[in-house]
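Chemist: Model the following, please.
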Amino acid sequence: MDKSSDRFLEQKRRSFWLKHLHQWHWISSAICLVGMLLFAATGITLNHAAQIEARPHVVSKEGQLPPDLIRELEQGGGAEKAPLPAAVRQWLRSEFSVPVGEQPAEWSADEIYLSLPRPGGDAWLSVDLPDGAVRYESTDRGWISYFNDLHKGRNTGEAWKWFIDVFAIACLVFCVTGFFLLHMHARNRPVTWPMVALGVAVPLFLALVFIH
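Modeler: Alright, predicted model coming up:
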């Protein structure tokens, strides 16, 4: 009776942990599924970046600020780094189709320079003082470069950084619950731990022998 009771309690505990581990495993896998596909694919493109030819597309624009906006810039040029005035940002959006946020520009006596980096490309904007000549140049390196920069978190902003953190936590939950599920099923699957050991040994061997 005691043995059957102990067996029943053991099976009950096993069922409890299997239920919750499976639940957290599938929830975490659903959360990080698309991210895993993105990061796996861009891992390949980053690893072969030298073999993937990129043809940057460069767009240049020039314009002239109205006199009232030039005066506003001259009046607001006290700081070395400060955002462009709202009226100037609005003019750039309407004339150049360039969305300029409140990121700080570099102010000097004769020029205002604003760097506008983004995933998959770069851009810059300069305003000559006091004549108000505006020059803008944008470089687009293509969609592969765009997704590679998402992988690296390059110039992606705070929202994407938070996504990477949440994605990383979901991956950790996925891996940890997967490890415990392996442990619970290993008794009936003798090849489990040799496969896990192989997954540790191969990258360790490559790192020690071939990476200097």
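Chemist: Against which helices or strands is the helix or strand containing residue 33 packed?
Modeler: For residue 33, the enclosing helix or strand under DSSP states H and E is helix 2-47. Helix 2-47 makes packing contacts with helix 143-152, helix 157-185 when contacts are defined by 3 or more Cβ pairs under 8 Å, 6 or more residues apart in numbering; DSSP states H and E. C-beta here means a position set from N, CA and C on the backbone, and glycine is covered the same way.
Chemist: Show me the shaky parts of the chain.
Modeler: Where the chain drops to pLDDT under 70, the residues are 1-3, 76-79.
Chemist: Convert stretch 131-139 to PDB, retaining C-alpha atoms only.
Modeler: Below are the C-alpha coordinates for stretch 131-139, written out as PDB (Å, rounded to 0.1, in the frame of the first residue of the first chain):
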ATOM      1  CA  ASP A 131      22.600  81.900 -45.900                       C
ATOM      2  CA  GLY A 132      20.300  79.000 -45.000                       C
ATOM      3  CA  ALA A 133      21.400  76.500 -47.700                       C
ATOM      4  CA  VAL A 134      20.200  73.000 -46.800                       C
ATOM      5  CA  ARG A 135      21.800  69.800 -47.900                       C
ATOM      6  CA  TYR A 136      20.500  66.400 -47.300                       C
ATOM      7  CA  GLU A 137      21.900  63.000 -48.200                       C
ATOM      8  CA  SER A 138      20.300  59.600 -47.500                       C
ATOM      9  CA  THR A 139      22.000  56.100 -48.100                       C
END
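Chemist: Out of the helices and strands packed on helix 2-47, flag the one nearest residue 103.
Modeler: Distance to residue 103, taken as Cβ to Cβ, is lowest for helix 157-185 among the helices and strands packed on helix 2-47, at 10.5 Å.
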